[in-house]
Each structure stands twice: as C-alpha cells, then as structure tokens.
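Engineer: Attaching a predicted model along with its sequence, questions to come.
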Amino acid sequence: MMIIIISILFVIIIKNSYSNPIIKTYPVVDLLENIPLNTFVIELTNSSNKLILINLNEFETKLFSIINGNIYTKDLIDREEFIDKKYCLDKFYCKIELQILVDDGLAYWIIPIHIIDENDNKPEFAKNEIELKFVENVSNGYKIYFEGAKDIDEGKNSEIRYILDCSNTLNNNNNNEILYLNQSSINCYPLFELILISKSSLISLSNNFDKLALKFNPSLSKINIENEYKFIIYAIDNNQYEKQLINSMNLFIKIEEKDKNFIKFLLSEYEFIVLLNETLNKNENLIGKIHAISNNPSDLIYYKILSNNNKTNLIKINSLTGQLNFINENNIKYINNDIEFIVEAYLLLKDKNFKKLKTQIKVKIYFRYLHLLKNISFEFENILLNNQNYIYQLNNNSNCFFINKNIKINEKLLKISLISYYYPNDKFILSLENYFNTFSLIPFSSSLINTYIIKLNQQLISNYTYLLNIQIKHKLSQQYLPNLLKIKLIFLMIL
C-alpha cells in the first residue's frame, strides 16, 4: 500500500510540474555489502538541485541518504537480507535501483547499484550428521544419495568443494590443513568415493542443497571390511582472495550382513471370498492362491496350514503351489462363519543339512450367500436444517418425496441407510446412475457404514420430478445387486 501511495504522489508531482520530465539513468555502481556506515556511494550533482530520495520499497531512506548532492550509506547493507526480502531485481545478480526526484519533477534520476557479495557465509549442511547403510556383498559402484551443503553467497563464493575424511574418527583435523588439501578424500579410496551429483541453485535459497552420493566398492578393498565407519565430510567455499570458509558433517556408515537365504510372501495378509448358492454341495471350490518367494528361483517352496480345527478342515492347500480349495467332504448344508488361519511357507536348505527356513502369514476367508446379500432394506430420514424448506414422504413405506422447489444449492435433502439382515457389518457402496449434475450421493460419515446423503448440486428452475436410480454394490465380493434403489423426488411450491 505504501508503494502505491508513493507512486501516485510521484506521478501527481510530475504531472503538476512538467509534462515531459527528463529521465536519466546512471551507470551501475558497485557497492560491497557490509561496508561501514556513511560510506560514499556516488556523486549526483555539485549544483543546488533539490533532490528527493523516493522510498518505493521502504528500504531506500533507511539505508541511504543524500548529502550535498552525494549518496551515502546510513546503515549496514546485507546482500542476503536484500535477496530474502526481494529488494534485488534478480536473485542471481543483486541489483537495486534508487529513484531520485529532481527539482519537484523537473527530472527523474535512476541510480542502479550492484550489491557485491562478500564471502561472509560458510557452507551449511542440511543435517549435522547422517547414517548410511550398505549391504556387504553389493556390487561395486553401488551408491546412496543424500543432501550435502549450500552456500548463500554469490558467484564463486557460493561454489563448494568437498573432502571426505575416512580416517575413521570424529576428531576434526586442523581446518587450516584441510583448506589447502588439493584432493577429494583422505584414506577412502578404493572402498568409498564421494560424488557430487548436482549443485544447489539460488532459485530456492531456503532448502536447496547440493546432491551428493557415496559410492561403495566392497570387492576392490584389500583389507577386511568393518561393520561400522565414522567419517567426516568437509564443505569448503571457493573464495579466491580471502580466507576460505569451512564446515563439516559427521557421516556414520553401517555395513550389514546380507542374509544369503530368505523366504517371504508377496502380500502382508491374504483375504479371499467364497460366493455360495443357497445350498452347499460336495464340489470342490477354488478359493485362490497364496505365493511366497525366496532369493533363489530354483528353491522349492512348500506350503501347509498350521491351524487344525473343524473350520480349517474345510480348507485344503496344495503343498507345492499354494492353491487353496474349499471342499465340503462332510456334506455341510450351511456355513455361517468366516475362517481365519495361518499358512506356513518353508524350504529345506541343502547346504545346512536340510534345515528348514520358514515364514508364516494370516489368511482369512469370507463366505457369502448370494441370495442373502440381496436381503436388504432402506430407511429414509429428512435432514433439512432450514425450517423454511420442507420435505414430505408420501407414506412411511414410500420412496416418493415432495420437496420445496425453493431449496438452496448444496442443501442436504435426504439420509439413506441400508440395512443388511444377514451381513450387518459388510459394507455396501451406493452410486447414483443418473442426474449427476443435479444431485450427488455422498457417504454420511466415515464412522457409519452404509449411510449416504442425497445432496442438491444446482438451483432448480421450475417444478420438476426426478426419478433417481441408485446402484448397490457389495464391497467385499465386488458384486452388484440385481435390483436398483429407485427414489422419486418431486419439487414444487410448498406453502
């Protein structure tokens, strides 16, 4: 707002004074940041011109002053602060412009000033320390990527070189010695190599760091590989004329032993559903397949069911393929319970005298009768909150509703609750098949299953009757019920 007001005043002054003010742009002035107060910047004039420094960005009159036709600094200038507060016209080249009004609008002078970076910021790492984990027998050249450092200085001052110190100690070497090392590592090669992947950019000063990677070459080393290493990464800036600035980060390396043999299931848990007709028969029903893998494709994996009870007697597993089958050997007429059991997959290790390597997983099987899934009913509830809007049900058992046509957009009209008599805890999904633009069908809450809301999406123009078709899907079985729920909404003027 202050900038707008000042700009308007400036335009008014010029218009009231001269129709064609003289606009002069001076050559760029280089000004080093952090220079002492009252430092001379530039001589504007040696005459008695009336000069007004315009405070367009609310920093000009705070940091600069005009004395006897010359510009001086009156406060410390911090280039990084200028960039952070967006005073600079360009992030990569911090240039500002001072605007001078001369003789009440006779002329207008622009003084561009380049704020030269001083190497006053040392590199900063994203973290003080990090931990990297390698597996001992990975192939040579395996890399782990991580964030390095950044330097918010400008140009060469912002460039960083890195030295990886693999002396296996966290006691820093003498920084002066590190500064003059013309190498990228100390006692690291060939086991470890530090690689600069990409450099940070000034586009995002707050969270943009160099991207580094540590390369691990286990088979190139002629010495035994240890379980842990403690390294230091040094980041050194590139000041060519003054003392370079340095910072460091601790790097902890762990070398983990790889399990030569493993076995695991593809999923964390298996669930299957068996859809049944009205009566059971002796036919074998395929349920599904569970599958485990090992690190050796030639391994022969065996499967077995661990639980042993009446329920699991209905389930058989192929010991070689993991195929589950439902077999009604006892001619059971009806099954009402879900079955949960544990399956073990195992292999025999030949090189360890056929020692068993095993893993276990939980399997759950749901039984649902198609004819019982269809046994559902609905309850309707008026949930209009505005007393001026009304909705009437034709009768208690009817799916027909009369609604005031002046109802507002986004109003919730009706709550629908689906009730399943035989499977009350199963979830059913209701979806609208028509009038998508006019209405929407949304869940009532995350805590209540099978309860939905009909909502009005757009304003009604005239009296109208809508016959909504709602499809019903059983989530567990992914089966659509054959009958649609039909709801008639009649909008009219209700007095």
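Structural biologist: Arrived safely, thanks for sending. Numbers count the residues shown, from 1 in each chain.
Engineer: so what's N277 up against?
Structural biologist: Contacts for N277 (C-beta atoms under 8 Å, 6 or more residues apart in numbering) come out as 369-371. Heads up, the C-betas are built off the backbone N, CA and C, glycines and all.
Engineer: Where does pLDDT dip in the stretch 351-495 of the chain?
Structural biologist: The stretch 351-495 of the chain contains residues with pLDDT under 70 at 351-355, 384-389, 461-463, 494-495.
Engineer: sorry, back to before: strands - which of the contacts of N277 land there?
Structural biologist: Of the contacts of N277, the ones assigned to strands by DSSP state E are Y369.
Engineer: For the contacts of N277, give me TSV that also has distance to I416 and neighbour count.
Structural biologist: Output for the contacts of N277, formatted as TSV (distance: C-beta to C-beta, whole Å; neighbours: other C-beta atoms under 10 Å):
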residue	distance to I416	neighbour count
Y369	24	20
L370	23	15
H371	23	10
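Engineer: shouldn't I490 be in contact with F401?
Structural biologist: Yes - between I490 and F401 a contact is recorded at 7.0 Å, counting by C-beta atoms under 8 Å.
Engineer: Could you report the separation of the residue nearest to N157 when sequence neighbours are not counted from I246?
Structural biologist: Nearest residue to N157 in three dimensions, chain neighbours excluded: N119, at 4.4 Å (C-beta to C-beta, 6 or more residues apart in numbering). Note on N119: its distance to I246, by C-beta to C-beta, to the nearest Å, is 12 Å.
Engineer: Which neighbours do these two have in common?
Structural biologist: Common neighbours of N119 and I246, counting by C-beta under 8 Å, 6+ apart, are D237.
Engineer: quick one: which of the two has more around it?
Structural biologist: Neighbour count, other C-beta atoms under 10 Å: between N119 and I246, N119 has more, with 21 against 17.
Engineer: wait, what's in contact with that one?
Structural biologist: Neighbours of N119 in contact, by C-beta under 8 Å, 6+ apart: 153, 157, 237, 239, 242, 244-245.
Engineer: Can I get the buried part of those residues as one PyMOL selection?
Structural biologist: Buried subset of the contacts of N119, written as a PyMOL selection, criterion 16 or more other C-beta atoms under 10 Å:
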select buried, resi 153+157+237+239+244+245
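Engineer: In strands, which of the contacts of N119 appear?
Structural biologist: Of the positions in those, D237 sit in strands, assigned by DSSP E.
Engineer: The closest residue in space to E340 that isn't next to it in sequence: which element?
Structural biologist: In space, and not counting its chain neighbours, E340 is closest to K364: 4.7 Å by C-beta to C-beta, 6+ apart. K364 belongs to strand 355-369 when assigned by DSSP states H and E.
Engineer: Check which helices and strands that strand is in contact with.
Structural biologist: strand 263-265, strand 270-276, strand 323-326, strand 339-349 (3 or more C-beta pairs under 8 Å, 6 or more residues apart in numbering; DSSP states H and E).
Engineer: Could you rerun that using 7 Å?
Structural biologist: strand 263-265, strand 270-276, strand 339-349 (3 or more C-beta pairs under 7 Å, 6 or more residues apart in numbering; DSSP states H and E).
Engineer: Format those as a markdown table; extra columns: mean pLDDT and distance to P424.
Structural biologist: A markdown table is the format used below for these (pLDDT from 0 to 100; distance: least, C-beta to C-beta, whole Å):
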| stretch | mean pLDDT | distance to P424 |
| --- | --- | --- |
| strand 263-265 | 88 | 32 |
| strand 270-276 | 88 | 17 |
| strand 339-349 | 88 | 19 |
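Engineer: Make a markdown table out of those strands and add distance to V29.
Structural biologist: Compiled in a markdown table, those are given as follows (distance: least, C-beta to C-beta, whole Å):
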| stretch | distance to V29 |
| --- | --- |
| strand 263-265 | 69 |
| strand 270-276 | 74 |
| strand 339-349 | 77 |
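Engineer: so which of those strands gets nearest N224?
Structural biologist: With C-beta to C-beta, the closest approach to N224 among the helices and strands packed on strand 355-369 belongs to strand 339-349: 26.7 Å.
Engineer: Please state the offset of that closest one from the chain centre?
Structural biologist: Relative to the centre of its chain, strand 339-349 is centred 37 Å away, using C-alpha atoms, centre = their mean, to the nearest Å.
Engineer: Between strand 270-276 and that strand, find me the angle.
Structural biologist: Using axes from the mean of the first three to the mean of the last three C-alpha atoms, to 10 degrees, the inter-axis angle of strand 339-349 relative to strand 270-276 is 130 degrees.
Engineer: Each with direction, which strands does strand 339-349 pair with?
Structural biologist: strand 302-305 (antiparallel), strand 355-369 (antiparallel) (DSSP bridges).
Engineer: Tell me which helix or strand comes right after the shortest one.
Structural biologist: Going back to what we said before, that points to strand 302-305. Taking DSSP H and E, what comes next after strand 302-305 is strand 315-317.
Engineer: Give me the helices and strands touching that next one, please.
Structural biologist: Against strand 315-317 (3+ C-beta pairs under 7 Å, 6+ apart) you get strand 302-305, strand 323-326.
Engineer: Which parts of that strand count as buried, going by neighbours?
Structural biologist: Neighbour-count burial for strand 315-317 flags 315-317 (criterion: 16+ other C-beta under 10 Å).
Engineer: and what of stretch 400-420?
Structural biologist: Using 16+ other C-beta under 10 Å as the test for burial, stretch 400-420 gives 401-405, 407, 411-416, 418, 420.
Engineer: With respect to L467, which of the residues you listed is nearest?
Structural biologist: F401 (11.5 Å).
Engineer: Could I get the full set of strands for the stretch 351-495 of the chain?
Structural biologist: Remark: strands assigned in the stretch 351-495 of the chain by DSSP state E, counting those that start in this stretch are 355-369, 376-382, 391-393, 400-404, 412-420, 428-432, 439-443, 451-456, 464-474, 479-480, 485-492.
Engineer: among those, which is nearest I178?
Structural biologist: Across the strands of the stretch 351-495 of the chain, closest to I178 is strand 355-369 (C-beta to C-beta), at 49.2 Å.
Engineer: can you redo the buried residues of strand 315-317 as JSON lines with distance to D78 and pLDDT?
Structural biologist: Below are the buried residues of strand 315-317 laid out as JSON lines (distance: C-beta to C-beta, whole Å; pLDDT from 0 to 100):
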{"residue": "I315", "distance to D78": "74", "pLDDT": "88"}
{"residue": "K316", "distance to D78": "77", "pLDDT": "90"}
{"residue": "I317", "distance to D78": "72", "pLDDT": "92"}
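Engineer: Tell me the one among those nearest to I130.
Structural biologist: Distance to I130, by C-beta to C-beta, is smallest for I317 among the buried residues of strand 315-317, at 45.9 Å.
Engineer: Span of stretch 475-493 from start to end?
Structural biologist: This stretch, stretch 475-493, spans 39 Å end to end (C-alpha to C-alpha, to the nearest Å).
Engineer: Cheers, nothing more for now.
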